[in-house]
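Colleague: Give me the fold of what follows.
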Amino acid sequence: MLEGRRRSGRLAVKVFRLYAYRGGQYSRRLFHLSTELRGALSVLAERSRMPSPRCGHVFFRAAAAGLPSDHGHLTG
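Modeller: Predicted coordinates for the structure are as follows:
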């Protein structure tokens with residue numbers, strides 16, 4: 001199954017390059033498509049980011065993992 005996907009992916013890249021190098025209408029369409037795809041992927045990447053953990057979350061996870069909690073020097 002994986003080899004079939006690789007073969008299909010290689011073929012898709014070859015077709016993409018063929019139309020890109022061909023120029024004219026095909027080249028303009030591919031440029032527009034790549035611009036739209038880049039924008040869509042950027043939006044998806046922004047939406048999928050998890051918020052950064054706060055200090056308390058980090059210490060909670062450390063305690064849950066059984067790590068020592070010698071962070072007292074940070075509070076004074």
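
Colleague: Which SSE is immediately downstream of the longest helix seen in the chain?
Modeller: When the chain is parsed with DSSP state H, its longest helix is helix 24-48. Under the assignment DSSP states H and E, the closest C-terminal helix or strand after helix 24-48 is helix 55-64.

Colleague: any idea of the mean pLDDT for that following helix?
Modeller: Helix 55-64 shows a mean pLDDT of 85.

Colleague: Give me the helices and strands touching that helix, please.
Modeller: Packed against helix 55-64 by the contact rule (3 or more CB pairs under 8 Å, 6 or more residues apart in numbering; DSSP states H and E) you find no helix or strand. Where you see a C-beta, it was placed from the backbone N, CA and C, and this is true even at glycine.

Colleague: burial measure for Arg38, as a count.
Modeller: 10 (other CB atoms under 10 Å).

Colleague: and what of Tyr19?
Modeller: 15.

Colleague: Who's the closest spatial neighbour of it, skipping the chain neighbours?
Modeller: Closest residue in space to Tyr19, ignoring its immediate chain neighbours: Tyr26 at 4.1 Å, by CB to CB, 6 or more residues apart in numbering.

Colleague: Surely that neighbour is in contact with Phe16?
Modeller: No - if you go by CB atoms under 8 Å, Tyr26 and Phe16 don't touch, sitting 10.0 Å apart.

Colleague: returning to that earlier point: state the distance from the residue nearest to Tyr19 to Arg17.
Modeller: Separation of Tyr26 from Arg17 (CB to CB, to the nearest Å): 11 Å.

Colleague: if I pick the residue nearest the centre of the chain, what's in contact with it?
Modeller: The centroid of the chain falls nearest to Ala45 when counting by CA atoms, centre = their mean (5.7 Å). Residues counted as contacts of Ala45 (CB atoms under 8 Å, 6 or more residues apart in numbering): none.

Colleague: tell me the pLDDT at it?
Modeller: Per-residue confidence (pLDDT) for Ala45: 83.

Colleague: Distance of it relative to Arg38?
Modeller: For Ala45, the distance to Arg38 - CB to CB - is 10 Å.
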